[in-house]
Structures are given as C-alpha cells and as structure tokens.
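> give me a model of this one.
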Amino acid sequence: MGNKQMNRNERIQRLLAAIPALGDYRLELIDRVVSVFSQPWEIFRAQDSDIISDVSLADFGDVLRLHHSFSREPFSKDKFEFALETVLMASGSAAQLAPRGTRGYDLSITEQKFSLKTEAAKGIRLSTLHISKFMELGGGHWGDNPADLIGMRQQFLDNLAGINRILVLRALRKGTPDYLYELVEIPKSLLEMAKDGRFEMRMESRQYPKPGYCIVEEKGKVLFSLYFDGGGERKLQIKGLMKELCIVHATWRFEEPPPLDPA
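Coordinates of the predicted model:
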C-alpha cells in the first residue's frame, strides 16, 4: 500500500473518530459540506489551457462550492488569489503569491507573473469585461488638460511591463437558482494596444481631476477603453473589453446548496 493510500485511510479514521464528540451545530456544518460534493454540476476546461488542469478544474470548483455553502457573496479577489495558489500547488504546479504590498502582479505560476482580477457587478455582461479597478493612478500631473491623460496611460503601460499575463474570475450568475463562474485571460498584447488609443477628456464633468478615456479601436470597432476615474481613488478601469478577443480557460456552474435537514 502506497503512502498516499495510507494517508487517506488515516485521515478517514481520524474523521470518524472525531465525529461522535462534535456538537449538533458542528455536525450540521460537516453535513452541509459533505452534501455540497454530491450536488450535480457542470465544469469545463479548455483543452489547450496551460493554467488549469483536469485536477485543478475540479479542485477550484469545489472551493467555489464550499464558499457558496456559507455565503451568497461572489468570490472576492483575496479569496481568488489564495485559492488559485493552493489549488495549483496541490496539482503540482509551481505557484506562489507575490509578497504583500507588491505592485503589478499577484501570483507567479511557473515563473510567469500573473495579475488576478475579479468581476462580479450586478450588471455584468456575458460578452464584455469590465475591470472596475485595474490599478491605482498615483503621482503625475492630472488636471483638466487632455494632454494629462498621456501620463496616466503611461502609468498603465508601465504597470503592464511588469506583468506576463492577466486572469479574471467572473461571477456571471450569483445564485437563485445557480452560480456560474468563468476564468478568462485577457491577452497582454490586446491591452498594449492602448499605446495607440485616442483620448477623450470629460470636460463637462464636475470632478477634478477631470475623468477621461483612452479608446482602443480597430477598423472603426471599439475593442475596449481605459477609463481614468477622476474620483478620490484616482483609479484606472477597463471598460467594454470584448470577450471574444480573450481566452476562456474554464467555467463552473452549480446550483445553490440545499437546505440542511436539522433532524
């Protein structure tokens, strides 16, 4: 018998030995967790994905299901970062979270630096992505001169230079009756097209600094826009990015967990 099977058997025995000593509410919690794994679901992995394997596809889906057995709120960015690192490491991939406070990337996977984002707005759209906070816009002059946006765009391009790839976990459906998540990669080369985008500053806005856009087009078709938010946070958003230009690595669909039978 291999060590893996021995460890599995030992774990089962430890759990069986601990269960009789648990109170009623703790038994309810365990019952709820176990019931989640028996619920039907639909999972998909792109066969050419170099990030998500068959094993990590199922494991990450289980983390999502466990999360929603105790919460109706979409998976947050910090949970996404930690869960992806844990799941990839368990499946044998070299993954490591960036040191706390690192600007630019969040997770390294096989020595590539990944920026991780989430999207879960109420008005989320299936065909386009909206990243409400891609990065903070720090120093640099920014007032009411449209030329000021050139420096803001350069901050974005400098940020991209320290990243290899960008992943977005999107919560497309949020319960009642089911949840639907997808893992989408935005090609870095697509975002780099912003270097040739055209600017529009919203001079009519009462904000200061004035908000503005860098609009990226190809053959008259808008591919996405950078939105320089002139509010207190001074953040950069990505709006209306066409999903058809991205890579869908995986999807997970599962129903809300059933209520527990307190008997």
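
> can you give me the strands for the chain?
Along the chain, the stretches classed as strands by DSSP state E are 41-45, 95-97, 107-109, 112-119, 128-136, 165-174, 178-186, 198-201, 212-218, 221-228, 235-242, 247-255.

> quick one: closest of these to His68.
Checking the strands of the chain against His68 by CB to CB gives strand 178-186 as the closest, at 5.8 Å. Quick note: C-beta positions are derived from backbone N, CA and C, even for glycine.

> quick one on the thing from earlier: which stretch among the strands of the chain comes nearest Leu22?
Nearest of those (CB to CB): strand 247-255, 26.4 Å.

> in the closest one, what's buried?
Buried residues in strand 247-255, counted by 16 or more other CB atoms under 10 Å: Ile247, Val248, His249, Ala250, Thr251, Trp252, Arg253, Phe254.

> any idea how far Arg72 is from the first one?
It refers to Ile247. Here Ile247 is placed at a distance of 29 Å from Arg72 (CB to CB, to the nearest Å).

> again with the third one
To Arg72, His249 is 25 Å away according to CB to CB.

> cool, Ile166 as well?
For Ile166 relative to Arg72 (CB to CB), the value is 27 Å.

> who has more neighbours out of those two?
Ile166 (23 against 11; other CB atoms under 10 Å).

> who does the more buried one bridge with?
Ile166 has the following beta-bridge partners by DSSP bridges: Ser115, Ile186.

> Gly23: which of the strands of the chain is closest?
The nearest among the strands of the chain, by CB to CB, is strand 247-255 at 28.4 Å.

> what packs against the closest one?
Judged by 3 or more CB pairs under 8 Å, 6 or more residues apart in numbering; DSSP states H and E, strand 247-255 is in contact with strand 41-45, helix 54-68, strand 178-186.

> since that was my last question, I'll sign off now.
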